[in-house]
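In: I need the structure of the sequence given here:
(chains A, B, C and D)
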2 protein chains.
Amino acid sequence: MSGKKQNLPRYRQVYEILRKHIVNGVYQEGDMLPSENDLCQTNGITRPTVRLALDQLVKDGFIKKQKGKGSIVCAQPKGIGILSVAGTTSAIGKENLKTKILVGPVIRKWDDPFMFPLSDVEKESGCIYMERVRLVNNKPLFYDITFLPNINLPRFTSRKFENRSLFDILRRSYQVEVTGGEQSLKAITAKGKICQHLDVQEGDPVLHLERKINTNRIDFSFYSTLFCNTIEHALFGIF
Amino acid sequence: MSGKKQNLPRYRQVYEILRKHIVNGVYQEGDMLPSENDLCQTNGITRPTVRLALDQLVKDGFIKKQKGKGSIVCAQPKGIGILSVAGTTSAIGKENLKTKILVGPVIRKWDDPFMFPLSDVEKESGCIYMERVRLVNNKPLFYDITFLPNINLPRFTSRKFENRSLFDILRRSYQVEVTGGEQSLKAITAKGKICQHLDVQEGDPVLHLERKINTNRIDFSFYSTLFCNTIEHALFGIF
DNA sequence: CATTTCAACTTGTATTTACAAGTAAAGTTA
DNA sequence: TAACTTTACTTGTAAATACAAGTTGAAATG
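Out: Have a look, this model is predicted:
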């Protein structure tokens, strides 16, 4: 116990503590969080630092703040929060999520043209390619094609991704943290491989996301094309 | 000129200035913004204030920051940024956007059940209902059904919405600022009214968004069901 | 010339202090 | 009791300061 992440800045530590308390129901929807001054005392930090933590919680949709009153805990979304900074695993919860590897990871050349503009360094270093299907309650929901630049990722192709989170592997094995990204989004109708992998009929509606995912390494981004069966589970996001 | 918004906090003013400079191309993609200390001097403020402005620019995807280096201007997205805090008008640009009113605004009762949980106050006060189609280059792209609680919105139903922005009217006439919201998202196939209003064939893929939009009035939110024809224009967002 | 070291500059984190402005409840007054 | 005022507490904004840590280019060194 108490073996927390000691290298994280304190505002991040406080954020993690409060986030866990909300997720675990210590604070429930509609509850007030302790005031900023209280949080200063209990954590031994000052208001600007507390406010950094709270700002992050607001941004992630866990609380809303009201001037003169305090921080109010929000309802936790029921849908799948894939539109925010979170991998599929953390968006759904590990319990019901399984991952089936279809292809890779293998090293190959980048598609040309690619869905996002690539730097010269990215082009030269080649591409680590994966195809995965994510299943929720044993029903395929996401068909995910991932492209990573082959930069500073030793032994990546020999790692096991079966039922493991890509984001976790990047963070734990390579100290790569996802910080954000951009995505484009459209509705399409299923055909071919998509029908097969998502177990839907030809002509069924499917959500198509193309994402560029940025990390704490300033010139390391990776890319993902995602097909989602949203018939039963809508995607959820805050803005 | 210079008759700017004087009541806005200074970090917001600086944000607006920098945002406009980026949008207007004074700073272009890849350019460095002046350093935080420079911005302090030129604006007569201190670093924490400058950093608030820059944080907002990061959040909105205009810049990215690199420790030890500076603030780098990002490419401005080509798609339609409806997934962020912006009305359709500002997401597309006024030039090519037209609005056709199909219904309303009229006062009626809330649907029961409604797509989001409603407070008692909202239920009692009734609902202002509108249906609009937004056209880009004279092609219908959004079929937007809007629900507003009938609270403190005098003469709302007699206002002209033809080719005007709902967000603008709320801000200018009622001092209501949109601060964020939540949305759920799924792909569907078009049928019935949707085909008609979006000018698509039955069975064509359509994006369906359901949004709760929060404002600076703590218990005033409004709601929108949006059907988007994404065949030609994908939606774009950052996270 | 090539390499290393260093100094100057950048953003990141954190403290301390101060006041403005909104909320809510206790207390006061009619 | 009902309405108003005060008071305490809350978040919002802002300044001044300090040091850590990453980046870059100039200066010193081999």
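In: wait, a helix at A:Leu57?
Out: Yes: assigned with DSSP: H, G, I helix; E, B strand; the rest coil, A:Leu57 falls within a helix.
In: which bits of chain A sit near DNA strand D?
Out: For chain A, the residues in contact with DNA strand D (Cβ under 7 Å from any atom of the strand) are A:33, A:35-38, A:47-48, A:51, A:54, A:65-71, A:218. The C-beta positions use only the backbone N, C-alpha and C, and glycine is treated the same way.
In: report the buried members of the residues you listed.
Out: A:Leu33, A:Glu36, A:Arg51, A:Leu54, A:Lys65, A:Ser71 (16 or more other Cβ atoms under 10 Å in any protein chain shown).
In: of these, which is the nearest to chain B?
Out: A:Lys65 (9.5 Å; Cβ to the nearest Cβ).
In: quickly find the element holding that closest one.
Out: strand A:63-66 (DSSP states H and E).
In: okay, how far is it across stretch A:115-127, tip to tip?
Out: 14 Å (Cα to Cα, to the nearest Å).
In: inside strands: which ones of the residues of chain A next to DNA strand D?
Out: Applying DSSP state E to those, the entries found in strands are A:Lys65, A:Gln66, A:Gly70, A:Ser71.
In: give me the buried positions along the helix or strand harbouring A:Arg171.
Out: A:Arg171 is part of helix A:166-174 when elements are defined by DSSP H and E. Neighbour-count burial for helix A:166-174, counted by 16+ other Cβ under 10 Å, picks out A:Leu166, A:Phe167, A:Ile169, A:Leu170, A:Arg171.
In: check contacts around the fourth one.
Out: Right, A:Leu170. Shown in contact with A:Leu170 (Cβ atoms under 8 Å, 6 or more residues apart in numbering or on different chains): A:Val176, A:Glu177, A:Val178, A:Thr215.
In: how about 7 Å then?
Out: A:Val176 (Cβ atoms under 7 Å, 6 or more residues apart in numbering or on different chains).
In: distance of it from A:Ile188?
Out: Noted for A:Leu170: a distance of 28 Å to A:Ile188, by Cβ to Cβ, to the nearest Å.
In: what's the answer for the last one, then?
Out: In this structure, A:Arg171 lies at 32 Å from A:Ile188, with Cβ to Cβ as the measure.
In: what do you get for the third one?
Out: Taking Cβ to Cβ as the criterion, A:Ile169 is separated from A:Ile188 by 29 Å.
In: do the same with the first one
Out: Distance check for A:Leu166 against A:Ile188: by Cβ to Cβ, it reads 24 Å.
In: how far away is the residue nearest to A:Val106 when sequence neighbours are not counted from chain B?
Out: Nearest residue to A:Val106 in three dimensions, chain neighbours excluded: A:Tyr129, at 5.5 Å (Cβ to Cβ, 6 or more residues apart in numbering or on different chains). According to Cβ to the nearest Cβ, to the nearest Å, A:Tyr129 stands 23 Å off from chain B.
In: can you report how many residues lie near A:Tyr129?
Out: A:Tyr129 has 20 neighbours, counted by other Cβ atoms under 10 Å in any protein chain shown.
In: same deal with A:Lys109?
Out: 9.
In: just A:Gln41 next, same as before
Out: 11.
In: tell me if it really is in a helix.
Out: Yes: judged by three-state DSSP, A:Gln41 forms part of a helix.
In: check contacts around it.
Out: Contacts for A:Gln41 were tallied using Cβ under 7 Å, 6+ apart; there are none.
In: change it to 10 Å
Out: A:Pro34, A:Ser35, A:Val50 (Cβ atoms under 10 Å, 6 or more residues apart in numbering or on different chains).
In: compute the first-to-last residue distance for stretch A:106-122.
Out: In stretch A:106-122, first residue to last residue: 16 Å (Cα to Cα).
In: can I see the domain layout of chain A?
Out: Listed domain ranges for chain A are A:10-73, A:88-228 (source: automatic domain parsing).
In: tell me where chain A has helices.
Out: A:10-23, A:36-43, A:47-59, A:88-92, A:120-125, A:166-174, A:193-198 (DSSP state H).
In: weakest of those helices by average pLDDT?
Out: Note on these: lowest mean pLDDT is at helix A:88-92, with a mean of 66.
In: circling back to that earlier point, now render the contacts of A:Gln41 as TSV, adding distance to B:Arg108.
Out: TSV is the format used below for these (distance: Cβ to Cβ, whole Å):
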residue	distance to B:Arg108
A:Pro34	42
A:Ser35	41
A:Val50	45
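In: ok, so of those, who is nearest A:Phe222?
Out: A:Val50 (33.4 Å; Cβ to Cβ).
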